[in-house]
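> A structural model of the following input is requested.
(2 chains)
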Amino acid sequence: AQKVTQAQTEISVVEKEDVTLDCVYETRDTTYYLFWYKQPPSGELVFLIRRNSFDEQNEISGRYSWNFQKSTSSFNFTITASQVVDSAVYFCALSEEIQGAQKLVFGQGTRLTINP
Amino acid sequence: SAVISQKPSRDICQRGTSLTIQCQVDSQVTMMFWYRQQPGQSLTLIATANQGSEATYESGFVIDKFPISRPNLTFSTLTVSNMSPEDSSIYLCSAFLDEQYFGPGTRLTVT
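Numbers count the residues shown, from 1 in each chain, chains lettered A, B, ... in the order given. Have a look, this model is predicted:
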C-alpha cells in the first residue's frame, strides 16, 4: 500500500531562518507523482508542486525548493528566508493513477509556524 | 487552471440528519474525488466519482453513509447521512485537469 510519512508534526522557527520539511514515501508503482500542498489557516489547499517519479531534478521557485531523491524515497521541501506568511500546514502527497486521473495519499502534515 | 466551488461552505447540523454537499468544476473532468479532513488531521480519500458509473469507495467508507452522485462531467454531490459528531470534518472535492485541484471545502459541524 502507498504511504507518505511526514515525521515532523510541528516546526517553529524565527522569521528569515531556512526551514526544511521532510517527506518520505512508500510505493510499489514505478510511475507516480509527488505533491506538496499548503493549507493556510483559512483552510483551502494551495497547490505548490507536482513532481514526476522519472524527474529527479531539484526544483526552485523563488524562496521554495524541493529535493527529490528516489534512492531514499524522499521529497523534501525547503523554504529559504522564511516569512510569517509561510505559516501554514504543509502536506506531502503521493499519487496513484486511475484512468488518467490521480488519487492522492496524503501525509499527516507539518504545521509550520514562523515567528516574527 | 480549474476553479472548483463547493456549497455550502460551512454548516452546523443536528445528529441524525443528512447534508448534501455540492461540487462544481468549471471544466469537464472524467473523475472527481471526495476527501475528508477530520479536525487536526490529514486528508483521507472517501471515494472516486466517475461520470456515468457508481462511485468507488475507499476502505472504511460505504455508500449508505456517503452516497455520491455524478450526473455530468462538471458536477458531483456527496451526502453525509445519519450524521453523528464524529462526522464533523472538512469535506473537499477534487478534480484532475493539468493538476490536482481542490475545492475550498465544506466545514461541517454535527451537534
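> what are the ranges of the strands in chain B?
Using DSSP state E, the strands found in chain B span residues B:4-7, B:10-13, B:19-25, B:31-37, B:43-50, B:56-57, B:68-72, B:75-80, B:89-96, B:100-102, B:106-110.
> list the buried residues of the first one.
So that's strand B:4-7. For strand B:4-7, a neighbour-count test (16 or more other Cβ atoms under 10 Å in any protein chain shown) marks B:4, B:6 as buried. Glycine gets a C-beta too; all of them are placed from N, C-alpha and C.
> how about the second one?
Judged by neighbour count (16+ other Cβ under 10 Å), strand B:10-13 contains these buried residues: B:C13.
> remind me what that strand packs against, helices and strands.
Taking 3 or more Cβ pairs under 8 Å, 6 or more residues apart in numbering or on different chains; DSSP states H and E as the contact definition, the neighbouring helices and strands of strand B:10-13 are strand B:106-110.
> parallel or antiparallel, list what pairs with the strand it packs on.
Strands that pair with strand B:106-110, judged by DSSP bridges, come out as strand B:10-13 (parallel), strand B:89-96 (antiparallel).
> which stretch among these comes nearest A:Y32?
Nearest to A:Y32 among the strands paired with strand B:106-110 is strand B:89-96; the distance by Cβ to Cβ comes to 13.9 Å.
> residues touching A:V84, list them.
By Cβ atoms under 8 Å, 6 or more residues apart in numbering or on different chains, A:V84 lies in contact with A:15, A:114-116.
> between the strands of chain B, which one is closest to A:T80.
Per Cβ to Cβ, nearest to A:T80 of those: strand B:100-102, 25.5 Å.
> what's next to the closest one, contact-wise?
Defining contact as Cβ under 8 Å, 6+ apart, one finds that strand B:100-102 is touched by A:35, A:37, A:44-45, A:47, A:50, A:95, A:102, A:104, B:1-4, B:25, B:35, B:92-95.
> how does it look with 10 Å?
A:33, A:35, A:37, A:39, A:44-47, A:50, A:93, A:95, A:101-104, B:1-4, B:6, B:25-27, B:29, B:33, B:35, B:43, B:92-95 (Cβ atoms under 10 Å, 6 or more residues apart in numbering or on different chains).
> returning to what we had before: in a markdown table, list the strands of chain B along with distance to A:S65 and mean pLDDT.
Converted to a markdown table, the strands of chain B look like this (distance: least, Cβ to Cβ, whole Å; pLDDT from 0 to 100):
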| stretch | distance to A:S65 | mean pLDDT |
| --- | --- | --- |
| strand B:4-7 | 28 | 96 |
| strand B:10-13 | 35 | 97 |
| strand B:19-25 | 31 | 97 |
| strand B:31-37 | 27 | 95 |
| strand B:43-50 | 24 | 94 |
| strand B:56-57 | 36 | 93 |
| strand B:68-72 | 38 | 94 |
| strand B:75-80 | 36 | 97 |
| strand B:89-96 | 25 | 94 |
| strand B:100-102 | 21 | 89 |
| strand B:106-110 | 32 | 96 |
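> tell me which of these lies nearest to A:L21.
Go through those one by one with Cβ to Cβ and the one that ends up closest to A:L21 is strand B:43-50, at 16.5 Å.
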